[in-house]
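Trainee: sequence and predicted structure are below.
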Amino acid sequence: MEDLVKKLLEISGQDNEVRPDSATFLSVLGRTYDEDLTSRIIAYALAKDNRFVEGLIREYMSVFDCPDYCPKDVAIYDVVVVCEKYMGVGRADIFIEIKKEDIVVATITIENKIYTWEHDHQTVTYYKWVNKHYPKSVNMFFYLRPDFNISTAECDKYVNITYTKLLDLIEADDYIIRDFRQHINDNLGAREMKLSESQIDIINNYDAFEKVLSEAKKKYAIKQNEIIEKIKAEWNCRYEKINFEEKSENIGVGSFRLYKDEWYLKDEYYFYVEIRFNKGKLDDISYQYTVKEYSDRKNKDKDILNYIEDTKRLVALNEGHYYVWEKENFSSSYSWTSDEWEEEFIKTSVEKLRDYVDATDGLFEEFMEYCKKQ
């Protein structure tokens, strides 16, 4: 088993290896197959290149009949491209509005999959949402994947398109797009997916790996939960009562949150302080205070984005409908497996959470005063 673990780590290292002769920006970052980042580069190319947008329209029209008023010369229209477009339940990777005098005449929705497949009927959900909210426009849909991903869209109104085909449609040329072209050719196009000997060994012993991994995750979850419970107990001993919430992520708790009753209004806003265990891990932790805004809120006066823009409040990070006001990483000279690390982390966390709760109190009061004036 130890030899197999070494092989697994060796393969992982190979996947993260940077090869100067074929390095691209995403591969240097170690994000070769990152769906979010590739989507953002595609969105950049779409916003820059009208011919790219027109190519997608022609591709869609080659599969489905579109009305005569479907735009063919995009140059006379305004093209608005956004990533992570909220569509009721989930977020579409790329969404394009083609507009003329503020009237949306056409939309393009792109769902981007690299190694993953569709889940939770995404394409069906997005198709229904777009047609409900844009009933008078020509709505086009694409399911984008590399040649080696054989998945297809569940919704039959999507055109399944590969990165190789996408490459043929991009006509603009700058250093970003040239790098992306190379990235597609090197990593997302047609290539042999032959298993190495080490990978075959791992597949042959997969049950053993799965058992060992399951046991490790159980023990890890116990350790992380014990630490969180100690933070709760320490907080309750020293400060006023507050609500706690935990959100799972990857191998453990990804977000441990503190919030007061008045900080949450259903379907309107949610202010909270949190410890972010990135991917659920104890070796990558940050503290932050955050506000979540609900897209389909009923009371438009209680709008976090309007508050930010009108008051010119600066946010440290904007993650879709989550606005992070301040963020600070936790660092220690100790290993996260040691008792010294745990003691330091609990002490630091309680103090930092206290500071962030005070800061959130002030932020919430300011927001309430702003709402009263609207």
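Mentor: Received the coordinates, thanks. Numbering: from 1, shown residues only.
Trainee: got the contact list for the residue nearest to residue 293 when sequence neighbours are not counted?
Mentor: For residue 293, ignoring the flanking residues on the chain, the nearest one in space by Cβ to Cβ, 6 or more residues apart in numbering is residue 304 at 4.1 Å. In this view, the C-beta of every residue, glycine as well, is placed from N, C-alpha and C. Contact criterion Cβ atoms under 8 Å, 6 or more residues apart in numbering gives 269, 291, 293, 323, 367 as the residues in contact with residue 304.
Trainee: next, count neighbours for the third one.
Mentor: Looking back up the chat, that one is residue 293. Burial of residue 293 is recorded as 19 neighbouring residues (other Cβ atoms under 10 Å).
Trainee: that one against residue 323, yeah?
Mentor: Yes: applying Cβ atoms under 8 Å, one finds residue 293 in contact with residue 323, separated by 7.0 Å.
Trainee: what mean pLDDT does the longest helix along the chain get?
Mentor: In the chain, assigned by DSSP state H, the helix with the most residues is helix 339-373. Predicted confidence along helix 339-373 averages 95 (mean pLDDT).
Trainee: buried residues of that helix, list them for me.
Mentor: Of the residues in helix 339-373, those buried by neighbour count under the rule 16 or more other Cβ atoms under 10 Å are 341-342, 344-346, 349-350, 352-353, 356-357, 360, 363-364, 367, 370-371.
Trainee: by contact count, what packs against that helix?
Mentor: Under the contact criterion of 3 or more Cβ pairs under 8 Å, 6 or more residues apart in numbering; DSSP states H and E, the helices and strands touching helix 339-373 comprise helix 206-238, strand 269-277, strand 285-293, helix 304-311, strand 322-329.
Trainee: now do that helix: distance to the chain's middle.
Mentor: Averaging C-alpha coordinates over helix 339-373 and over its chain gives two centres that are 25 Å apart (Cα atoms, centre = their mean, to the nearest Å).
Trainee: the inter-axis angle of that helix versus strand 322-329?
Mentor: In this structure, helix 339-373 runs at an angle of 150 degrees to strand 322-329, with axes from the mean of the first three to the mean of the last three Cα atoms, to 10 degrees as the basis.
Trainee: what is the lowest-pLDDT residue among the contacts of residue 304?
Mentor: residue 293 (83).
Trainee: who's in contact with that residue?
Mentor: 269, 303-305, 321-323.
Trainee: tabulate those residues in CSV, adding columns for distance to residue 127.
Mentor: Formatted as CSV, the contacts of residue 293 follow (distance: Cβ to Cβ, whole Å):
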residue, distance to residue 127
269, 30
303, 28
304, 29
305, 27
321, 22
322, 26
323, 30
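Trainee: on that earlier part again, distance of the residue nearest to residue 293 from residue 284?
Mentor: In this structure, residue 304 and residue 284 are separated by 27 Å, where distance is defined by Cβ to Cβ, to the nearest Å.
Trainee: you'd agree residue 30 is in a helix?
Mentor: No: counting by DSSP: H, G, I helix; E, B strand; the rest coil, residue 30 is not found in a helix; it is coil.
Trainee: which residues of the stretch 1-150 of the chain score low on pLDDT?
Mentor: Judged by pLDDT under 70, the stretch 1-150 of the chain has its weakly predicted residues at 1-22.
Trainee: let's go with 90 and repeat that
Mentor: Judged by pLDDT under 90, the stretch 1-150 of the chain has its weakly predicted residues at 1-36, 65-73, 75-76, 84, 86-91, 100-102, 115-120, 147-150.
Trainee: tell me the SS of residue 98?
Mentor: Under three-state DSSP, the three-state class of residue 98 is strand.
Trainee: show me what contacts it?
Mentor: Taking Cβ under 8 Å, 6+ apart as the criterion, residue 98 is in contact with 53, 71, 74, 77-79, 104-108.
Trainee: among the contacts of residue 293, name the buried ones.
Mentor: Those of the contacts of residue 293 that meet the buried threshold are 269, 303-304, 321, 323, by 16+ other Cβ under 10 Å.
Trainee: report the separation between residue 325 and residue 259.
Mentor: With distances defined as Cβ to Cβ, the gap from residue 325 to residue 259 amounts to 14 Å.
Trainee: may I see the ChimeraX selection of the buried members of the contacts of residue 98?
Mentor: Typed into ChimeraX, the line below selects the buried ones among these, using 16+ other Cβ under 10 Å:
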select :53,71,74,77,79,104,105,106,107,108
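Trainee: quick one: which of the contacts of residue 98 is nearest residue 213?
Mentor: Here the nearest of these to residue 213, counting by Cβ to Cβ, is residue 108; it sits at 40.4 Å.
Trainee: burial count for the nearest residue to residue 80 once chain neighbours are set aside?
Mentor: Residue nearest to residue 80 in three dimensions, not counting chain neighbours: residue 97, with 4.4 Å by Cβ to Cβ, 6+ apart. A count of nearby residues for residue 97, using other Cβ under 10 Å, gives 18.
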